[in-house]
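# generate a structure from the sequence data that follows.
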Amino acid sequence: MAEFRLFGEVAFTVGGRRVDIGPPRRQCVLAVLLVDVNRLVPVDALVERVWFDRAPRKANDVLYSYVSRLRQVLAADPDIGITRRSGGYVIETDPLSIDLHRFRRLVAEQAFDDALDLWRGTPLDRLDTPWADSVRDALAVERLAAVVERNELRLARNLPTPDLPALAAEHPLDERIARQHMQALYRAGRQADALDHYERVRRRLADELGADPSPPLRRVHEEILRGTADTPRPAGRNDLPADAADFTGREHEVKSLLAAVADGKRTVVAIDGMAGVGKTTFAVHVAHRLLDRYPDARLFLDLHAHTAGRGPTPTAAALEALLRALGVPKQEVPEGVDERSALLRATLAGHRVLLVLDNAESAAQVRPLLPGAPGSLALVTSRRRLVDLPAWTTSLDVLPFPDAAALFTGVVGDGRPDRQPDAAAEVVRLCENLPLAIRLAAARLRSRPQWTVEHLAGRLKDNRRLKELSAGDVGVASAFELSYAALPADRQRLFRLLGLHPGADLDVEAAAALADADPDDVEPLLEDLVDVHLLQEPVPGRYRFHDLLRDHARKTAADAEPDLAAPVVRLVDHYLATATAADLALSPKFRQRAAPSKKHFATRDDALRRLTAEHANLIAVVEWCAADEPERCWRLAAVLFRYLHTRGYTADLRHLHEIALAAADRDGDPDGRAVVRTNLGLALYRQGDFTAAHAHLRGAVDLDRPACRNQALAALGNAAKKLGRFEEALACFHRDLELCRAAGNRHGEAVALGNLGAFHIDIARYDEGVSYLVRTLDAFREAGDRVGETVTLGNLGQVHLETGRADEALDHLGRALALCQALGDRHGEARTLTSLGEAHGRLGQSDEALKHHHKALELIGEIGSHSLRTAAFNGLGTTLRHCGRPAEALTQHREALAIARRIGEPLQEAKALDGIAACQFEAGRHVEAEASWRAALAIFTVLRHHPQVARVEARLAGLEPI
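Numbering: from 1, shown residues only. Prediction:
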């Protein structure tokens with residue numbers, strides 16, 4: 001939601017985040033358009049208002065540049081735009097998104113307190129032009145008129161007017177303010193002071209204006225002299241609790257609620273949220289904001305749905321309390337609920353009464369307490385969603401961090417949080433932004449001046465935060481316990497078991513596994529827990545705890561459940577079955593080898609969506625299994641390999657398989673030990689740690705297990721190739737091919753041929769490489785392996801790129817990119833984007849080339865692959881050099897060089913040195929260029945990359961221009 005502020009410094013916010021507008025002149029252009037929102041402002045008028053008589057030369061051009069910049073700023077909200085029309089500009093947006101126009105609307109609605117609350121400083125602050133001065137003067141008049149009208153209304157309702165003495169002193173000749181001040185003094189029993197004020201005003205009018213007091217002022221003076229000045233009847237009963245002096249945040253919620261009831265037609269607002277989220281504080285704060293609109297009575301009634309030591313207030317008793325508060329004699333209150341409800345509606349009719357019905361148990365408890373017609377308003381708070389009430393509803397969540405931090409600082413009140421901001425942020429994080437927890441933590445710190453904020457944070461970290469977050473009979477745990485105790489037994493059991501889940505969220509099937517129940521039976525129980533705010537449903541079908549509630553659920557489970565491990569083991573088996581079924585869908589060619597599973601995914605996309613949704617949970621479950629379930633640990637990690645590898649989650653891939661390696665060794669299963677070592681080697685290879693990858697893969701090959709023999713050999717060959725061990729690499733690839741042919745494994749044969757093709761490309765034997773790759777492509781297409789087809793297309797594109805056929809490279813690489821994106825192969829997508837960037841660069845298509853390079857680097861940043869990053873920096877450097885930007889190219893090649901040396905990738909190191917030399921040569925630094933080329937030549941020679949050797953030698957000999 002976008003908002004503009006003209007009261008104070010000109011500002012623009014989207015979703016509560018401030019967007020920088022720019023310098024004061026640009027702010028002034030925006031302010032001129034906003035003051036006349038949705039109306040054309042002529043260019044001449046804009047120039048005059050922004051610069052007056054100091055307009056620059058070509059002012060229209062400068063104005064155009066300001067408007068262009070403003071359009072970029074306002075692009076943060078697509079519903080806002082500045083349009084050029086004949087002769088001028090107009091900004092088109094909702095006027096109520098601008099505080100000035102919202103102020104005027106609220107004044108027209110006589111919501112004076114809300115209107116005046118919008119003033120947060122001098123209007124158009126920092127804008128120093130005659131136009132801004134005139135606007136400020138006009139707005140000051142409007143504000144004073146609103147204040148006077150507000151005080152007139154307050155006097156009519158016998159409400160306090162604390163600002164009148166200052167107003168009277170500031171505006172000594174304003175007779176309306178003088179009259180109001182005299183009336184307020186008289187009603188406070190200060191008749192003499194009222195008469196003295198009249199005399200001072202009379203003399204000043206005569207001395208300065210040569211005028212007598214107006215008839216209305218003289219009339220009030222005479223009434224005060226006679227003691228007959230009008231005294232309105234006392235306002236109705238007001239038993240609202242005091243507004244919280246440290247109320248913090250909730251600006252959007254308050255604003256939305258006030259807007260919802262502004263027309264007076266709504267009679268019910270329902271406010272729900274979890275225990276401790278601040279529902280009562282919020283409702284009371286809003287009620288105080290609404291005082292002026294409901295002069296006849298403002299009543300607060302606690303319905304005690306969750307109060308220690310007592311049950312919910314019966315509806316009949318609540319009705320009696322309301323009727324008695326409204327002045328109905330006890331003997332006239334009827335017996336039945338229906339009769340009392342009818343009398344309440346009749347009593348409220350024709351009056352403006354505000355009811356705060358706090359801590360409601362259910363809609364059934366509240367419904368008879370509600371007004372029957374517009375005019376009065378009920379604010380209802382409950383931990384349960386009251387979906388069957390005819391109400392405008394708002395659900396309160398925990399506070400955003402800035403508001404939560406401000407609340408903590410405000411409650412502590414002595415500056416310690418400001419002096420230890422990091423520790424204060426940690427306390428707020430440990431309180432999970434829950435207002436009750438923050439208030440209790442802050443109160444604890446405030447009462448112990450010898451504590452530091454860091455000490456408090458340490459106490460909250462020590463697995464006892466629920467115990468720490470209490471004060472007397474008030475505490476987070478006790479608030480949660482009241483919600484839990486109100487549940488039926490089956491909901492209580494599910495709540496406890498959900499607390500045992502190691503991950504962050506879960507779906508119905510996972511909950512059913514924990515409960516050992518049918519999903520159809522569990523789903524209604526989950527929805528009930530959501531309705532009472534013991535569980536959250538951030539997206540349909542997925543549930544999670546607030547972290548403090550999770551702590552409470554785990555503690556409750558530890559106290560009540562006979563076996564804490566069995567439910568989680570059921571959950572692990574559920575995830576293992578789900579992941580196995582998803583893995584089958586990701587690679588249909590392996591379907592015939594996999595163990596049977598009851599679960600099934602119709603498409604690859606369905607499987608990817610499910611694994612993505614469960615990603616964090618699957619990692620947490622593998623970690624949980626490490627201690628006592630080693631077989632389940634390595635099996636689940638292994639079945640996740642394809643998903644994590646394809647999606648480029650290399651850090652998670654490595655982390656899980658390092659855990660799984662220890663588990664597999666402890667479990668002792670030979671296949672498990674070999675599979676995990678192979679997968680860990682591949683994860684390390686992806687990260688660019690080729691030496692460590694080689695060690696694990698050599699261990700897997702030595703174990704010689706059929707379950708992963710071919711994959712281990714192929715991966716070991718690639719690791720050896722990266723390390724420059726070409727004989728070992730070639731031997732691995734040929735051995736892999738031999739074993740696949742002997743076993744009639746056509747798919748494995750295609751993989752081996754592809755590795756041989758890539759090997760020959762890397763050593764610049766392009767004809768042999770292409771021969772292998774053509775056969776590989778046919779084999780993968782025959783097997784229906786689109787992942788293999790993608791890799792092969794990318795390799796063929798690279799061949800064409802390195803042999804100067806950029807057009808053909810684009811064709812192969814374009815098809816490879818489309819397949820990568822269709823398959824969700826982020827690693828392959830990043831690699832292909834880099835190659836496409838180089839291809840476009842060589843064809844002189846600079847913009848397209850740079851776009852692909854930057855996309856590649858952005859994706860690599862998410863994946864975290866050093867090997868890909870090195871190639872990407874080198875590719876971007878080459879393209880920048882072709883674009884005539886050698887200084888920027890040099891930076892990229894140096895980045896590539898640093899990473900290549902760190903991870904031990906000689907080919908990319910040589911390419912980086914080659915690029916650095918070319919940049920140095922173009923800059924005229926020939927001695928440095930020669931040194932860089934000689935370093936590159938040495939590596940290319942070792943790598944047997946004969947075309948590169950010949951090219952660099954030619955450059956060194958001065959035979960080839962750059």
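
# which residue would you name as the spatial centre of this structure?
Pro400 (10.1 Å; CA atoms, centre = their mean).

# skipping adjacent residues, who's closest to it in space?
Gly249 (6.8 Å; CB to CB, 6 or more residues apart in numbering). Where C-beta positions appear, they are placed from N, C-alpha and C, glycine not excepted.

# for Val398, see how far away that neighbour is.
10 Å (CB to CB, to the nearest Å).

# what is the neighbour count of the residue nearest to Pro400?
Gly249 has 19 neighbours, counted by other CB atoms under 10 Å.

# that one - that's part of a strand, no?
No - applying DSSP: H, G, I helix; E, B strand; the rest coil, one finds Gly249 to be coil, outside a strand.

# residue contacts, it?
Shown in contact with Gly249 (CB atoms under 8 Å, 6 or more residues apart in numbering): Leu399, Pro400, Pro402, Asp403, Ala404, Ala406, Leu407.

# report how many residues lie close to the nearest residue to Arg293 once chain neighbours are set aside.
Spatial nearest neighbour of Arg293, chain neighbours left out: Arg352 (6.6 Å); criterion: CB to CB, 6+ apart. Residues contacting Arg352 under the criterion other CB under 10 Å number 19.

# where do the helices sit along the stretch 351-500 of the chain?
For the stretch 351-500 of the chain, the helices defined by DSSP state H, counting those that start in this stretch cover 363-366, 401-412, 416-419, 421-430, 435-446, 453-461, 465-468, 476-485, 489-498.

# most tightly packed of the ones you listed?
helix 435-446 (a mean of 23; mean count of other CB atoms under 10 Å).

# who touches that one?
Residues contacting helix 435-446 (CB under 8 Å, 6+ apart): 275-278, 281, 398-399, 404, 407-408, 410-414, 416, 427-428, 430-431, 451, 453, 456, 460, 468-471, 474-476, 479, 548.

# list the buried residues of stretch 383-398.
Arg383, Arg384, Arg385, Leu386, Leu389, Ala391, Thr394, Leu396, Val398 (16 or more other CB atoms under 10 Å).

# contacts only, for the last one.
Residues in contact with Val398, defined by CB under 8 Å, 6+ apart, are Val277, Ala404, Glu432, Asn433, Leu434, Pro435, His546.

# least confident secondary structure element in the chain?
Ranked by mean pLDDT, DSSP states H and E, the helix or strand of the chain with the weakest confidence is strand 470-471, at a mean of 76.

# need the three-state assignment for Lys265.
Looking at Lys265 with three-state DSSP, the answer is coil.

# so where's the stretch 651-800 of the chain shaky on pLDDT?
Filtered on pLDDT under 70, the stretch 651-800 of the chain yields no residues whatsoever.

# tell me where it has helices.
Using DSSP H, counting those that start in this stretch, the helices of the stretch 651-800 of the chain run over 670-687, 690-703, 709-722, 726-743, 746-762, 766-783, 786-802.

# helices or strands next to the helix or strand that contains His181 in the packing?
In this structure, His181 is located in helix 175-187 according to DSSP states H and E. Helix 175-187 sits against helix 130-156, helix 164-170, helix 191-204, helix 215-226, with contacts defined as 3 or more CB pairs under 8 Å, 6 or more residues apart in numbering; DSSP states H and E.

# so which of those helices is nearest Gly824?
The closest of these to Gly824 is helix 130-156. By CB to CB, the value is 54.5 Å.

# buried residues, that closest one. List them.
131-132, 135, 139, 143, 146-148, 150-155.

# redo those residues as CSV? Include distance to His304.
Formatted as CSV, the buried residues of helix 130-156 follow (distance: CB to CB, whole Å):
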residue, distance to His304
Trp131, 59
Ala132, 55
Val135, 53
Leu139, 48
Arg143, 44
Ala146, 41
Val147, 41
Val148, 44
Arg150, 37
Asn151, 39
Glu152, 40
Leu153, 36
Arg154, 34
Leu155, 38
